[in-house]
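Undergrad: have a look; sequence and predicted model below, questions after that.
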Amino acid sequence: MTSAIESKTSVFFLGLVALFLGELRDGLTMINMQSAFLIVSKYYTEKQAGILFFVFGMSQFLFQAPAGYIMDSSKNKVALLAGASV
């Protein structure tokens with residue numbers, strides 16, 4: 001049986017792990033894992049994987065600001081989100 005103190009400590013650290021896992025999702029760790037997958041299993045070269053991730057990052061950079069502006073100025077946010085998710 002675990003004590004109440006151990007349970008509270010576990011819940012606290014589980015919350016911290018959940019918080020920082022969200023930060024790791026967009027970090028370099030994921031890019032390294034994806035590029036290793038592409039290089040090993042799909043036979044991409046390092047240059048091809050680098051270009052792929054560069055184009056991916058630049059497309060996010062170029063489309064994020066206009067999308068944010070459209071969402072901020074819209075009165076139908078739910079409809080826009082529903083349309084974007086389809």
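TA: Good, I have the coordinates. Numbers count the residues shown, from 1 in each chain.

Undergrad: now this structure, which segments are flagged as low pLDDT?
TA: Along the chain, segments meeting pLDDT under 70 span 1-6, 18-32.

Undergrad: which helices and strands sit right next to the top helix by length along it?
TA: As assigned by DSSP state H, the longest helix anywhere in the chain is helix 46-73. On a contact count with 3 or more C-beta pairs under 8 Å, 6 or more residues apart in numbering; DSSP states H and E, helix 46-73 meets helix 28-41, helix 77-85. Where you see a C-beta, it was placed from the backbone N, CA and C, and this is true even at glycine.

Undergrad: just want the angle from it to helix 77-85.
TA: Counting by axes from the mean of the first three to the mean of the last three C-alpha atoms, to 10 degrees, helix 46-73 lies at 160 degrees to helix 77-85.

Undergrad: tell me which residues of helix 46-73 come out buried.
TA: Neighbour-count burial for helix 46-73 flags Ala49 (criterion: 16 or more other C-beta atoms under 10 Å).
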